[in-house]
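>>> Have a look; sequence and predicted model below, questions after that.
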Amino acid sequence: MNVYIDESKGENMREDTERKEFLSSVSHEVRTLLNTIVGLSDDISGYETLPDEIREDAEDLNSSSKELFNLIDSIIDYVLIENGQMKMVEAPYNPKALFEEASKVDEELFEDKPIDFHTNIDEKLPYELIGDKTHITKIVRSLITNAIKYTDSGDVWFDVSYINDNDYCNLVISVKDTGRGIPPEEMETLFAKINRLKIERDTVTEGLGLGLAISKSLIEMMNGRIRVESRYGEGSTFEVTIPQKIKQMEESELSRTQRLRLEQISYEEEGYGYKKVLIVDDNMLNIKVARRILEQYDLIIEECYNGQECIDMVSESNDFDLILMDMMMPGMSGEETLERLKLIPDFETPVIAVTAIAEPGAQEKYESQGFADYIAKPFSKEELEKKIEKVFKLEDIRDEELEEEYEENQW
């Protein structure tokens, strides 16, 4: 009996894998390089005695770097969607916290435009939902950015409400603006894969126009829908509905207590109290960027350049309060290094994963491996500050609890 084997399927799978690996490699290299540009230009623009021209140049470099990063990120998302390789990673998240963070707009987007930005996030949103928070964040930021880009003056409103249906919560996300609006003849092609409004030909508005197409694809992958209403010359309204499974309707007493304790801790007056931080990275420029940010605080900073050096340093002096660990290093990855660190007696130092490979579900992945948190390159000064402050707060609370437990046992 003759058996026919379709070798084309195997070949297509290999090509898809190679394409995905290539995209991952390109993304990693671009993010690593942009991390240096964003970090150092951000640092330069922060000097008080800097000449105005140099400060302006540094701010322009920073802004252009972020634009380039967003462009590369959009192209990679576009290719993954087109090839059916985009994955949804569902995990528990707090929707109120997500929307509050996603609505924090970079001031550079306004470009001195007289625009009032309004947010209204329903306070009664379920405490915890299950879904892909990374892609929901991308959708929100894309819609807000688009609204600001096409509005020269007036208002932009960002509203979030919800409709519960048994075990599901239908999130209703609305972004409304008083901008240019969309010509009727262009409404049908609004969500085309590469589409920029014809009106842009006479303006300086930048971008490939991938944002709406990517957002629509992501929304549909989450079984949601997007609709748009627009009056040319008066403005537009985009409304997105996304169903999410409800995990927890209300905040538990334990969660509330933890949140309040975190909010009560402040380092503004006393600083971090000379906590000791170890930076582990084989890229000297990335270490330089992290150092520049951390040197502004009362921190003791040490560095090493691979996993083995990190293990040796911790074995010799297990007194670090935090480790910033690059994930892709020669000889030993960040994940392997952490596994080896766990074998050291009394090792309890929180480790933040630092990576140029930012994938949906990365937060959950690294936390499941034992990392305290995760940050993707390129990261801003503010992003790194938030991460280390959160880790230090949690460690301070843990130390307080251990001290309270010790005192109780003494009685």
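In hand now; what should we look at?

>>> all helices in the stretch 201-350 of the chain, in order from the N-terminus.
Per DSSP state H, counting those that start in this stretch, the stretch 201-350 of the chain carries helices over the ranges 211-221, 253-264, 284-294, 307-316, 334-341.

>>> Lowest average confidence across the ones you listed, which one?
Looking over the helices of the stretch 201-350 of the chain, mean pLDDT reaches its minimum on helix 253-264, with a mean of 81.

>>> who does that helix touch, helix- and strand-wise?
Under the contact definition 3 or more Cβ pairs under 8 Å, 6 or more residues apart in numbering; DSSP states H and E, helix 253-264 sits against helix 381-410. Using the backbone N, CA and C atoms, a C-beta is placed for each residue, glycine as well.

>>> Torsion angles phi and psi at residue 380?
The phi and psi torsions at residue 380 (degrees, to the nearest 10) take the values phi -90, psi 170.

>>> what about it, how many residues close to it?
The tally of other residues near residue 380 (other Cβ atoms under 10 Å) stands at 17.

>>> Go ahead and confirm it touches residue 38.
Yes: contact between residue 380 and residue 38 holds when scored by Cβ atoms under 8 Å: they sit 6.5 Å apart.

>>> thinking again about what came up before, now the helices of the stretch 201-350 of the chain as a markdown table including mean neighbour count and distance to residue 170?
Putting the helices of the stretch 201-350 of the chain into a markdown table (neighbours: other Cβ atoms under 10 Å; distance: least, Cβ to Cβ, whole Å) gives the following:
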| stretch | mean neighbour count | distance to residue 170 |
| --- | --- | --- |
| helix 211-221 | 20 | 12 |
| helix 253-264 | 11 | 24 |
| helix 284-294 | 19 | 40 |
| helix 307-316 | 18 | 46 |
| helix 334-341 | 19 | 38 |
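
>>> want to throw these into JSON lines with distance to residue 348?
Putting the helices of the stretch 201-350 of the chain into JSON lines (distance: least, Cβ to Cβ, whole Å) gives the following:
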{"stretch": "helix 211-221", "distance to residue 348": "39"}
{"stretch": "helix 253-264", "distance to residue 348": "19"}
{"stretch": "helix 284-294", "distance to residue 348": "21"}
{"stretch": "helix 307-316", "distance to residue 348": "11"}
{"stretch": "helix 334-341", "distance to residue 348": "10"}
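
>>> To residue 152, which of those lies closest?
Shortest separation from residue 152 across the helices of the stretch 201-350 of the chain is recorded for helix 211-221, at 18.7 Å, computed as Cβ to Cβ.

>>> how distant is that closest one from the center of its chain?
18 Å (Cα atoms, centre = their mean, to the nearest Å).

>>> How about stretch 60-79?
Using Cα atoms, centre = their mean, the offset of stretch 60-79 from its chain centre is 14 Å.

>>> Now tell me what touches it from outside.
Counting by Cβ atoms under 8 Å, 6 or more residues apart in numbering, the neighbours of stretch 60-79 from elsewhere in the structure are 19, 23, 26-27, 30-31, 34, 37-38, 41-42, 45, 86, 106, 108, 138, 193, 206-208, 210-211, 213-214, 378.
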